[in-house]
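# with the sequence up front, the predicted model follows.
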Amino acid sequence: MSSTVSRADVVRPIAVLVDREGLGDTLLKLPFLRAISRAYPDRPVWWIATHTTSMAREMKPFVGDMIAHVVENANITTPMGTVIRQLRTFPPFDLVFDMRTRLITVALARTVLNHRGFYCCLPGYALSDKRPPGRWSRPEGIAARALSMAEAALQREPEWQGRFQLSERIRTRAAQTLPDGPKYIGIAIGSREVRKNWPLANYVALAERLAAQGLTPVFFTGPQERAIADELRTAIPSALFPQADADDADAASLEYAIALGERVNVAVANDSGMGHLLGALGAPLVSLFGPTNPARWAPLTKRGVVIRAQDHGGETMEAIPVDAVVAAVERLLRDA
């Protein structure tokens with residue numbers, strides 16, 4: 001019997017099955033993607049989404065070396081007959097990582113797809129070929145849960161930290177904007193939902209306190225925050241507004257935000273896409289949570305502090321005191 005292995009067999013891809021994903025969702029899964037890309041460098045990754053995914057849009061320039069193929073609107077949810085037919089159209093996979101949480105859809109993927117290994121994050125890692133070593137229950141957090149599937153496949157703690165691939169032009173611009181020397185505190189004041197925002201007056205008070213200590217506040221602003229940049233600039237003359245102060249395509253790009261985020265010493269953010277981005281960059285991060293659950297949505301970072309409104313007697317963001325945020329920033333600076 002011949003022992004020759006065909007090339008088609010050798011290069012079986014890895015499949016990652018996900019639901020609808022915004023930018024924050026994909027950033028939470030970036031550690032997982034880095035982990036499997038490093039562990040299986042010869043396996044192309046197919047990112048298969050039931051609806052749309054930011055991996056095909058905002059994140060595409062930064063994950064192109066890790067994802068070979070993105071499939072959107074894959075019709076792998078309902079009805080069952082359609083799901084089965086669609087799953088049968090995919091090629092044989094080496095490994096399948098299913099991040100969805102509905103038992104029936106995960107079970108169909110495991111049964112119908114041609115694969116050598118299947119990993120999922122159902123409760124108790126049901127239907128997964130293996131569990132992470134020493135773990136019987138899945139983590140609650142989205143980022144940690146995704147990373148645990150890589151740990152299950154590898155049977156060891158995966159390597160997941162890393163830098164984004166950016167152009168030297170953008171990195172040079174960020175270095176000119178935030179040159180070495182000062183200690184920069186990144187402040188991301190927005191989110192998609194007003195209820196998740198710490199009051200603007202609190203951010204102003206925070207920036208004033210930090211500036212009084214010789215630190216330089218750097219405000220990350222999107223299009224919706226540009227209107228209040230002048231108000232903030234008047235209140236905190238020493239603060240920097242690198243995105244609001246420029247009016248070109250680079251300044252408004254996600255790539256520039258990433259390059260700036262790489263240069264801050266500590267960052268403060270709401271539960272937001274920018275908060276997830278700063279966490280993915282490895283910045284020491286103070287994450288502010290009120291109506292959402294940090295156990296599920298906090299960014300995955302090895303140097304972070306989560307401050308919950310509930311720990312200060314309230315349910316809304318207004319309950320978080322400025323003193324607590326200042327203390328958290330000071331602690332992360334000391335520990336750096």
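Sure, I can see it. Keep in mind it's a predicted model, so treat the numbers as computed, not measured. Numbering: from 1, shown residues only.
# this protein: helices as residue ranges?
7-10, 23-39, 60-63, 80-87, 103-112, 142-154, 168-177, 200-212, 226-235, 254-261, 273-280, 294-297, 322-335 (DSSP state H).
# distance between the ends of stretch 120-138?
With CA to CA, to the nearest Å applied, stretch 120-138 spans 10 Å between its terminal residues.
# with stretch 313-323 instead?
15 Å.
# what residues does that stretch touch?
Residues outside stretch 313-323 that contact it (CB atoms under 8 Å, 6 or more residues apart in numbering) are 195-199, 202, 205-206, 209, 270, 288, 290-291, 307-310, 312. Yep, even glycine has a C-beta here, placed from its N, CA and C like the rest.
# buried subset of those residues?
196-198, 202, 205-206, 209, 270, 288, 290, 307-309 (16 or more other CB atoms under 10 Å).
# possible to save those as TSV with distance to A49 and pLDDT?
Output for the buried ones among the contacts of stretch 313-323, formatted as TSV (distance: CB to CB, whole Å; pLDDT from 0 to 100):
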residue	distance to A49	pLDDT
K196	24	94
N197	28	93
W198	32	96
N202	37	96
A205	41	96
L206	37	97
R209	43	97
N270	26	95
L288	29	97
G290	29	96
I307	33	97
R308	31	97
A309	33	97
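# what is the most widely separated pair among the residues you listed?
Greatest spacing in the buried ones among the contacts of stretch 313-323, by CB to CB: K196 and R209 (22.3 Å).
# which residues touch the residue positioned nearest the centre of the chain?
Compute the mean C-alpha point of the chain, and by CA atoms, centre = their mean the closest residue is L27, 2.1 Å away. Contact partners of L27, counting by CB under 8 Å, 6+ apart, are M59, G273, H276, L277, G279, A280, P299.
# how far away is the residue nearest to it when sequence neighbours are not counted from L108?
Among residues not flanking L27 along the chain, H276 sits closest, at 3.8 Å (CB to CB, 6 or more residues apart in numbering). In this view, H276 and L108 are 30 Å apart by CB to CB, to the nearest Å.
# more neighbours: which of those two?
Under the criterion of other CB atoms under 10 Å, the comparison of H276 against L108 puts H276 first, with 29 against 19.
# let me see the contact set for that one.
Contact analysis of H276 by CB under 8 Å, 6+ apart lists L23, G24, L27, L28, P299.
# how about 7 Å then?
Residues in contact with H276 (CB atoms under 7 Å, 6 or more residues apart in numbering) are G24, L27, L28, P299.
# so which of these wins on neighbours?
P299 (29 neighbours).
# test my guess that it contacts P284.
No - assessed by CB atoms under 7 Å, P299 is found out of contact with P284, at 11.4 Å.
# neighbours of D248, just the number please.
Counted with other CB under 10 Å, D248 comes out at 8.
# and the gap between it and E255?
Taking CB to CB, one finds D248 at 13 Å from E255.
# next: P158.
26 Å.
# next up, the contacts around the residue lying closest to M59 once chain neighbours are set aside.
Leaving aside its chain neighbours, M59 sits nearest to T26 (5.0 Å; criterion: CB to CB, 6+ apart). Counting by CB under 7 Å, 6+ apart, T26 touches T53, S54, M55, M59.
# out of these, which comes closest to Q224?
S54 (18.2 Å).
# surely that closest one touches E21?
Yes - using CB under 7 Å, S54 is in contact with E21, at 5.6 Å.
# can you redo the buried ones among the contacts of stretch 313-323 as TSV with distance to M149?
Converted to TSV, the buried ones among the contacts of stretch 313-323 look like this (distance: CB to CB, whole Å):
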residue	distance to M149
K196	27
N197	32
W198	33
N202	38
A205	42
L206	37
R209	41
N270	28
L288	28
G290	30
I307	29
R308	27
A309	31
